[in-house]
Each structure stands twice: as structure tokens, then as C-alpha cells.
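Chemist: I'd like to go over a predicted model; first the sequence, then the structure.
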Amino acid sequence: MNTPAKKKHYWNSAQFKVSNTAWWRNTLNANSRVDVSDSARQVFHLLLIKPTRYDDEGYPIQWVRSAIPSNSLACLNGIALDVAARRILGDDVEIRVSTFDEACDVIKVDALAATLRSKGQRALVCMAGVQTNQFPRAVDVAKRFVKQGLPVCLGGFHVSGVLSVIGRLTDELVAAQQAGISLFAGEAESGRFDVVVKDAWNQQLQPLYDYQKDMVSLENQPQPVLPTALVKRNFGSISTIDLGRGCPFQCSFCCIINVQGRTSRSRSADDLEALARQAWAAGLEKIFITDDDFARNKNWEELFDRLILLRQEGIKLRLLIQIDTQAHKIPNFIDKAVAAGVDNVFIGLENINADNLKSIQKRQNKITDYRNMLLQWKRYPVVIWGAYIVGFPNDTYESVVRDIEIIKRELPIDILNPSILTPLPGSMDHKHMLENGEWMDPDLNRYDLSHRVTHHARMSDDEFDRMYKAVWDTYYTRDHMRTVIRRAFALGSNKKYTLSGLLTAFGTITKVTGIRSYDMGFIRYVARKERREGLPIENPLIFYPKMYWRLLKSALIISRAATSLAGDARRMWQSRSFEGYKDEAITPVTLDDYETMDMYQNTRGVKEQAEKAVAKQVAKERREEAKASEAEKENNVFFKEA
């Protein structure tokens, strides 16, 4: 078994923009990865592209190192490799698969098309896993390929979500078809991609392939896989796999439940083992299990058990999983998760106001469970990511900022990931707003959960935008980031650089670059001529000095912040100053909490939950006392008779 190379820590690396100098062009040039060598057979290329989105200035968001790989791209790549291996176009046609992630790949469309023509080779371009905020960029790139005579098929959550909920093609999808772009809705396994490839080869690509109504079985399907070189281009060399699809809950803001269904479907433990062995042999140590809620995967225990066995062989992968707030109540779930290698969990807290949760049908979230749930995970050195939504109808600037302060004091969350309540196409929220004729921003590029795309009932547009910025600024203060590290150490964690690196990324890099959450990366590349259609190409005498100034400014700010926070963590660890540290967030739960903590007394709709929780606990204690009393009486009777 190969021993993985020691990974670098990127916590002290700046994320910044650089212009298209020769060095960066060579680093990011994706065209060089397309094999156009001569062959005795005819050659048909499958060019799989995961598009990026545009930033607020209209430039594609691209990095030398991106934040996280695309599992949708990995799934399609695995399917395409299987198609090529089975030679579905006949023995006289060689199918070659090339995979690109625009978050860290720059594709020169005209040059690539010219090279293929010069070699007499043909291709199908597949825009994979296209989300709503990536749709404008995907269409722009697709149009260039179509102009060069290459067929394009575009699929992903936007197309699938629209058809699954609205039931028809919306204007932007019709416009894409009119531009010569084929659309694909649904999952591509079970031979469905075969149909697309054969049609493209025969130059009979259909305007729409609609498989959205029929979900596939995940057993015995090609496993998700990305080229190792592409995986290592992301921030932490993280591989991905979706072990299951489908979620039983009915959250109105979610499009996943409508695209992937509400019935749990799972890959096998053998699929997981194959991926784990492949990743480990390639020198990769981390896997992101992308299931929207892994706790609801019907085979979670079998999958964890297989990973535990692999760890006994020395294949000690670290895992990031996504779960709901009730997962801790599943017997043995947390213990087995940690034993299997889970050291990062992403939990959908969403909000600490019960009326907000009720409005999005997030009834499974009980705020009175939050502290106990988080402390159950904190028995182990696990980094907790908390998803948090703002912008509910009852929110105000003051109430949202107040709630963030409460979270800081009373919940042991490490990384808070704030997002804006957004009516994503494919969600019931979007459908209802569309039916009611409510205003939604027509620019799909802004549907990234970090831009306001609706008007708010109680805040002006300007106040809403300031509120969202204040959420980040309020949580990620220097003092609170140090508190998060101190809590982690006090609870037994030793993740000095992992935690300080994540806090720097979310607390400083997002502020400096203006790019939130998973659109982040390491060293920004900005192509001057790739600006969004309709926006002017900047004069190079203005563009390049501006980019280099951002480079210098960002490097100084981020490097200083990263070095300072990592130094704080190192000094805490060496001095053991965290020993004996206690605060409200990491103190064991008691009944008094429900009467004293602001989370239960001063947030909307929670007081009633707290009263019910107290009554439930009191009733439980009385039952236990009654049982103990009855047992004592029986003992007394026994001794008297004796």
C-alpha cells in the first residue's frame, strides 16, 4: 500500500487575484490534458466540464486551488469511463474522456476546437452538475463550443429542479435550446448516458433528455471518480463520493429532495471500499461523503463498519459528512462515525428561532436539542460546521445580529456558514413565489445563497445587504475565533492548524475576496477577456495594475491574519491555558438552561419548546423516581418475608 505524501497546510496561504501571466497560464491550462494523439481507430472525445460562476464584476471565479471538488462531475466521469470501457460506439471508435472543473481549470474553447478539427477528431461537450448560479456561465461557454461546431449537452440541478417542480421549461432553458444546447434532466446512470453519447456520435442530439421522474438504483453503478491530478487541485486534496441519495424531510427551501427524491437509495459497502482504496493509494487522505443527510442513508452502519475494518488495515481516511440535528439520537451513530474516521460534520441547524424553522417546514429541528446534540459530537475532536440561514420574513437587522451573539455564547459551533434564504429553482419556495407573482432577481448568477434575490418584508434592500455582512463580521471576530479554538482544546481536540485554517478561510479570506463559502479558493486567477457577455473588456493598463494591487493587499491581510491566529492556537496549546476552561457553550446541559439561557427565553417561538422540554424531563425524572420507589418497596417486602 502506498504511503500518502505529507499534506501541506494552506492556513498560512493567501487567496488572491492574479492576472494571466505565463506562469499561471501554464498552471491552469486545461487544453493540454486532452489527448489528441493519433489512433488507428476513429476518436470521439467526451469533454466533461463543471462550470464556475461569475463574480460581482463579471469575471469567472477561478483559482489555482479551488475549495472542494464536484461530486456531480465525479459521478459523470465514472459513468463516462464506463461508457468508454464498454466501447458502446463499436470497436472501431475510441472514446476518450477528459474532465475539467472550471473552478481551477481554464479552457481555451477556440484553440481546443481547432486542435480537434486539425486531427479530424470529434467530441461531445457535457456541462455537468450545473447549479442555478452557474447556469449563466455554463450557457456562455456552451455557446462557444456550439459556434465551433461541437455538440453540447447541459445537465445538473438547475435543469432537473425546474422540470421536477415547475414541470416545464422556463425561459432561460428555452433560450439555451434555441442556442443549440441540448438539456439533460435527472440521473445519468443505468445506461441513460449511453443514449446521449450515441445520439451525439450520430449527430442526432435531442433538445431534451428528461429522466427526472425515474430515480435509479445506486447499486452496481459506476463509482464516482476524478483524476487524481484534478482532486489535488482543490484546497485540501479531498475526494468525494455520494453513498446515498434521497431525503425523507420536506424543507421548503431545499431543491435536493425534489431532484433526488425522498426515498433513501444507497451504494454498497463494496463501492465505498473500492473508492477508499483507490483514494488512499493515490495519496489522498480525506473524503467528503456528499449525501445531503448521511444519517438517513439506510446503510449507514454497514458503510461505517466497512471503513472501520479498513482503518484496521492502515487505510485511515478522514471523513466529512452532512447530517441532520436528530442524528445524535440514532444509537451508536456518533461513536461509529468517529471510529470510521469522521472528524468534520456539517449540521443543518438553519436557525435558532422556532417560527423561522416552522416557516420552511424544518419541523425536525428542535432548538431545545441543539446544545445536547452538539455536546454529544464534542465528546470527540470533531470540527462542527453549522449551516445557518438568515432572511426569514420575521427577521430584522437587530434580531439577526442578536441571534448570532447568542449562538456565539451558547452553542459550541466551530465554523458557522451563514446563507441567505433563497428561492432556488427546484424548491417549493421558488414555485410558490413564482405562482404568486413575487419579485425574484432575474440574474441567476446571484442565486448562490450569498446574494439577496428577493425583497424583504421588514428590511430595505440596503439594510438586508448590510445585515448579511454583519452576520459574518459578528461571528468571525478575532476574540470569538480564539474562543472557538480554546473550547476545542478544552474539550480534548488537538486540531490547532485545521481549526485555525478554517477560521481564517471563513473569517478573513471571505472578507478580503468578497467570495463566500465554497466558492473560495487559493490564489485567484482572473482572465481579462473572459468577462461576462455584455460587460466591457477592461483596458490592460487599468486591469493589470488593479489586479496586482489586490494581490499585494490580499496577501498582506490574509497572511497576517493566518499567522496571528495559528500563533494564538500554538501558544494556547503549549501553555495549556485552556485547561479548566468553561463557558456556557461547553457546560453540560441542565434543566436550569431552559430558564436562564437567551436561546430559550429570547428567541421567537422557542420558549414554548423549552417549556415542553422541561415538562418532558420532569416527567421522565418522576417516572424514574417512581420506578426506584417501587423497586425499594419490593426489596423491603422481600426482606420482611425473608
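Modeler: That came through, no problem. Residues are numbered from 1 along each chain as shown.

Chemist: who are the neighbours in contact with residue 325?
Modeler: Contacts for residue 325 (Cβ atoms under 8 Å, 6 or more residues apart in numbering) come out as 347, 348, 349, 364, 365, 366, 369, 370, 373. Glycine gets a C-beta too; all of them are placed from N, C-alpha and C.

Chemist: Likewise for residue 190?
Modeler: By Cβ under 8 Å, 6+ apart, residue 190 lies in contact with 216, 217, 221.

Chemist: Between the residues you listed, which sits nearest residue 443?
Modeler: Taking Cβ to Cβ as the measure, residue 216 is the one of the contacts of residue 190 closest to residue 443, at 33.2 Å.

Chemist: Quick one: the helices in the stretch 501-642 of the chain, in order.
Modeler: Remark: helices assigned in the stretch 501-642 of the chain by DSSP state H, counting those that start in this stretch are 510-513, 540-575, 593-596, 598-601, 606-641.

Chemist: For PyMOL, write the selection for the buried entries among the contacts of residue 190.
Modeler: Here is the PyMOL command that picks out the buried ones among those, judged by 16 or more other Cβ atoms under 10 Å:
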select buried, resi 216+221
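
Chemist: Adding distance to residue 85, pLDDT and secondary structure, write the contacts of residue 190 out as CSV.
Modeler: Shown next, in CSV, are these (distance: Cβ to Cβ, whole Å; pLDDT from 0 to 100; DSSP: H, G, I helix; E, B strand; the rest coil):
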residue, distance to residue 85, pLDDT, secondary structure
216, 19, 93, coil
217, 20, 91, coil
221, 14, 93, coil
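
Chemist: Spatially central, which residue of this protein would that be?
Modeler: The centre of the chain sits closest to residue 518, judged by Cα atoms, centre = their mean, with a distance of 6.5 Å.

Chemist: now that residue: how far from residue 61?
Modeler: 11 Å (Cβ to Cβ, to the nearest Å).

Chemist: Quick check: end-to-end length of stretch 152-172?
Modeler: 16 Å (Cα to Cα, to the nearest Å).

Chemist: One more: stretch 247-263?
Modeler: End residues of stretch 247-263 are separated by 6 Å (Cα to Cα).

Chemist: Might you list the low-confidence residue ranges for this protein?
Modeler: 1-28, 607, 609-615, 617-618, 620-622, 624-625, 628-629, 631-642 (pLDDT under 70).

Chemist: tell me the secondary structure for residue 365?
Modeler: Following DSSP: H, G, I helix; E, B strand; the rest coil, residue 365 is assigned to coil.

Chemist: Run a quick check on residue 307 versus residue 341, I expect a contact.
Modeler: Yes: counting by Cβ atoms under 8 Å, residue 341 is a contact partner of residue 307 at 5.9 Å.

Chemist: anything in contact with each of those two?
Modeler: Residues touching both residue 307 and residue 341 (Cβ under 8 Å, 6+ apart): 317, 319.

Chemist: hang on, the earlier thing: between the contacts of residue 190, which sits nearest residue 31?
Modeler: For those, the nearest to residue 31 is residue 221 (30.5 Å; Cβ to Cβ).

Chemist: What about the nearest residue to that closest one once chain neighbours are set aside, how many residues nearby?
Modeler: Nearest residue to residue 221 in three dimensions, chain neighbours excluded: residue 189, at 4.6 Å (Cβ to Cβ, 6 or more residues apart in numbering). For residue 189, the count of nearby residues is 20 (other Cβ atoms under 10 Å).

Chemist: go on, the one 10 residues further on?
Modeler: Other residues within reach of residue 199, judged by other Cβ under 10 Å, total 17.

Chemist: Buried residues of the helix or strand harbouring it, list them for me.
Modeler: If you go by DSSP states H and E, residue 199 is part of helix 192-201. For helix 192-201, burial by neighbour count (16+ other Cβ under 10 Å) applies to 192, 193, 194, 196, 197, 199, 200, 201.
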